[in-house]
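Undergrad: quick one: sequence and predicted model below, then my questions.
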Amino acid sequence: MVALTESSLSVIGPSLLFEEGKMDTSATPVFKESVQGDCRFSELVEKTVPGDPSRYSIIILISQFLKSEGASRVAEIQAKELSKKGYSVTIYAFKSDISPIGYDIKIIDSWVQRNFSGLNTLYRALFPFNLWNSFWISSELKKSGLIIVHQETLVIVAYFTKLFYHARVIYWHHHIADARFLPFRARLYKLIVSPFNWSKIKKFDQVVSISNYSKAMLRQRKGVESIVVYDEVDLGRFNEHNLNGMPVRMKYRIQPGDPVILFVGRIIPTKNIHSLVAAFKVVKNHLPSAKLIVAGKSYSKQYSESLMKICARDVIFTDFVPDEELPDYYAACDVYATCSLLEGFNMPLVEAQVCGKPVVAFDIGPHKEVVKNGFLVDEGNIEKFGETLIQVLRGGRI
């Protein structure tokens, strides 16, 4: 079964809604103004810290502020938007490779990070129990008007700042991962450290989920209520205008008439790229000149090596692609596809659609909320996934 999403209730990015109706790949999607989730990011901030933005210092806490991390992309967009509105914004992180524009970054340093790089992950994981350092950092934040926390690692810092200096705190909940997909050390973290963090999160002023699906999971697993604020897309960068896919096609020697399928994301087992490769083989049986581009950084050497063994030469692995170049990859493709098994929102699905590209995805998690120009396929039905891609590439309907 292939289901075309028809709901016009949920919205994507800042004020964007795809026109309801059957997908026609020969037509340009129509956008309408609408309200996002329960509110937009800017509305939430203005409600939490009302009045003149120049009066407020806003702190964003995130474990690693990296170009390749999804949560970091959300935090970066937030920091840019807040700074443009006149707020003083500082991001605290253990590590960063992002150049700030209009805001500041402060690295949380320690002798462990400087001298024992192999222990960095353990140091960050156990930081919630590092009460002295957490209290010391919180004293630096005592004049902040608002703290936004991404991920659990620095929850204790926000908690101390709220407890001793009465700061307002929002926890940005990206998703609760299914234990089935977690490695042993991650399961151990959720068993030992996570309950300590959530006992503090429950005392914050607001908890935000990035989709209705994540909101329901949070209520079910943690007994915590939240509001929905969808991740926003940088429409100055991702849109249908002034995009040029030719440089990407030329870089990988793809002929102008060759059909191109694109996937963007981390190369990890939960992204289920091996199933996408299997679906691509179905496509190749009917469209021999088709290409599959997998744009993303590998986080698992073993998984990446296993993928290489099953991939034909028409599967192109690009490694990490910077945000500045991503729009050209969307422009170069004819359809965006993902067989991901676990998502809290799925930003690339949204980016592809605002760039005017149809999408095909498994019907999992929040995809009913974010897919507005494309098709959802029953999870695990690889043959049907491939057939759907063929129909989209041929410009037909299912």
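TA: Perfect, thanks for sending it.
Undergrad: residue ranges with poor pLDDT in the stretch 251-398 of the chain?
TA: Along the stretch 251-398 of the chain, the parts satisfying pLDDT under 70 run over 396-398.
Undergrad: mind redoing it with 80?
TA: 312, 396-398 (pLDDT under 80).
Undergrad: then residue 207 would be within a strand, right?
TA: Yes: residue state for residue 207 (DSSP: H, G, I helix; E, B strand; the rest coil) corresponds to a strand.
Undergrad: ok, and the closest non-adjacent residue to it?
TA: Leaving aside its sequence neighbours, residue 207 sits nearest to residue 226 (CB to CB, 6 or more residues apart in numbering; 4.1 Å). Where you see a C-beta, it was placed from the backbone N, CA and C, and this is true even at glycine.
Undergrad: is that neighbour in contact with residue 215, as I believe?
TA: Yes: counting by CB atoms under 8 Å, residue 226 does reach residue 215; the two are 5.2 Å apart.
Undergrad: quick check: buried residues in stretch 340-360?
TA: Neighbour-count burial for stretch 340-360, counted by 16 or more other CB atoms under 10 Å, picks out 340-355, 357-360.
Undergrad: for stretch 215-235, same thing?
TA: Buried residues in stretch 215-235, counted by 16+ other CB under 10 Å: 215, 217-218, 222, 224, 226, 228-234.
Undergrad: how about residue 154, what does it touch?
TA: By CB atoms under 8 Å, 6 or more residues apart in numbering, residue 154 lies in contact with 61-63, 92, 108, 127, 134.
Undergrad: for residue 65, see how far away it is.
TA: According to CB to CB, to the nearest Å, residue 154 and residue 65 sit 11 Å apart.
Undergrad: alpha carbons only: can I get whichever helix or strand residue 60 is part of in CSV?
TA: Residue 60 is located in strand 57-62, with elements delineated by DSSP states H and E. C-alpha atoms of strand 57-62 as CSV (Å, rounded to 0.1, in the frame of the first residue of the first chain):
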residue,chain,number,x,y,z
SER,A,57,20.6,37.7,27.1
ILE,A,58,19.6,34.3,25.8
ILE,A,59,21.7,31.2,26.4
ILE,A,60,21.6,28.1,24.2
LEU,A,61,23.1,25.0,25.8
ILE,A,62,24.0,22.1,23.5
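Undergrad: need the residues that contact it.
TA: So strand 57-62 is contacted by 45, 49, 71-72, 75, 78-79, 82, 87-93, 141, 143-151, 154, 157-158 (CB under 8 Å, 6+ apart).
Undergrad: now, of those, which are buried?
TA: 45, 49, 71-72, 75, 78-79, 82, 87-93, 141, 144-151, 154, 157-158.
Undergrad: run through the residues that contact the residue lying closest to residue 243 once chain neighbours are set aside.
TA: Among residues not flanking residue 243 along the chain, residue 331 sits closest, at 3.7 Å (CB to CB, 6+ apart). Counting by CB under 8 Å, 6+ apart, residue 331 makes contact with 243-245, 248, 355.
Undergrad: of those residues, which is the nearest to residue 304?
TA: residue 248 (21.3 Å; CB to CB).
Undergrad: can you tell me how far the closest one sits from residue 192?
TA: Taken as CB to CB, the span from residue 248 to residue 192 is 44 Å.
Undergrad: the more surrounded of those two?
TA: Between residue 248 and residue 192, counted using other CB atoms under 10 Å, the more crowded position is residue 248 (24 against 12).
Undergrad: look up how far residue 275 lies from residue 359.
TA: As judged by CB to CB, residue 359 and residue 275 stand 16 Å apart.
Undergrad: with residue 392 instead?
TA: Applying CB to CB to residue 392 and residue 275 gives a distance of 17 Å.
Undergrad: which residues does the spatially most central residue of the chain contact?
TA: For the chain, the residue nearest the mean C-alpha position is residue 70 (3.9 Å; CA atoms, centre = their mean). Contacts of residue 70 were listed using CB under 8 Å, 6+ apart, and they are 174, 347.
Undergrad: can you get me the start-to-end distance on stretch 196-214?
TA: 20 Å (CA to CA, to the nearest Å).
Undergrad: hmm, back to that, backbone dihedrals for the residue nearest to the centre of the chain, please?
TA: As for residue 70, its main-chain torsions (degrees, to the nearest 10) stand at phi -60, psi -40.
Undergrad: dump the contacts of residue 331 to a markdown table, plus secondary structure.
TA: Formatted as a markdown table, the contacts of residue 331 follow (three-state DSSP):
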| residue | secondary structure |
| --- | --- |
| 243 | coil |
| 244 | coil |
| 245 | coil |
| 248 | helix |
| 355 | coil |
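Undergrad: what strands line up against the strand holding residue 60, and which way round?
TA: strand 88-93 (parallel), strand 146-150 (parallel) (DSSP bridges).
Undergrad: residue 386 is nearest to which of those strands?
TA: Among the strands paired with strand 57-62, strand 146-150 sits nearest to residue 386 (CB to CB), with 36.2 Å.
Undergrad: which residues are in contact with that closest one?
TA: By CB under 8 Å, 6+ apart, strand 146-150 touches 45, 48-49, 56, 58-63, 71-72, 74-75, 78, 141, 155, 158, 161-162, 167-172, 174, 201, 204.
Undergrad: out of those residues, which sit inside strands?
TA: Among the contacts of strand 146-150, the ones falling in strands (DSSP state E) are 58-62, 168-172.
Undergrad: can you show me the strands along the stretch 1-150 of the chain?
TA: Remark: strands assigned in the stretch 1-150 of the chain by DSSP state E, counting those that start in this stretch are 2-3, 57-62, 64-65, 88-93, 95-96, 104-107, 146-150.
Undergrad: got these as CSV, with distance to residue 208 and mean pLDDT columns?
TA: Converted to CSV, those look like this (distance: least, CB to CB, whole Å; pLDDT from 0 to 100):
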stretch, distance to residue 208, mean pLDDT
strand 2-3, 28, 42
strand 57-62, 13, 98
strand 64-65, 18, 94
strand 88-93, 17, 98
strand 95-96, 22, 94
strand 104-107, 22, 97
strand 146-150, 9, 98
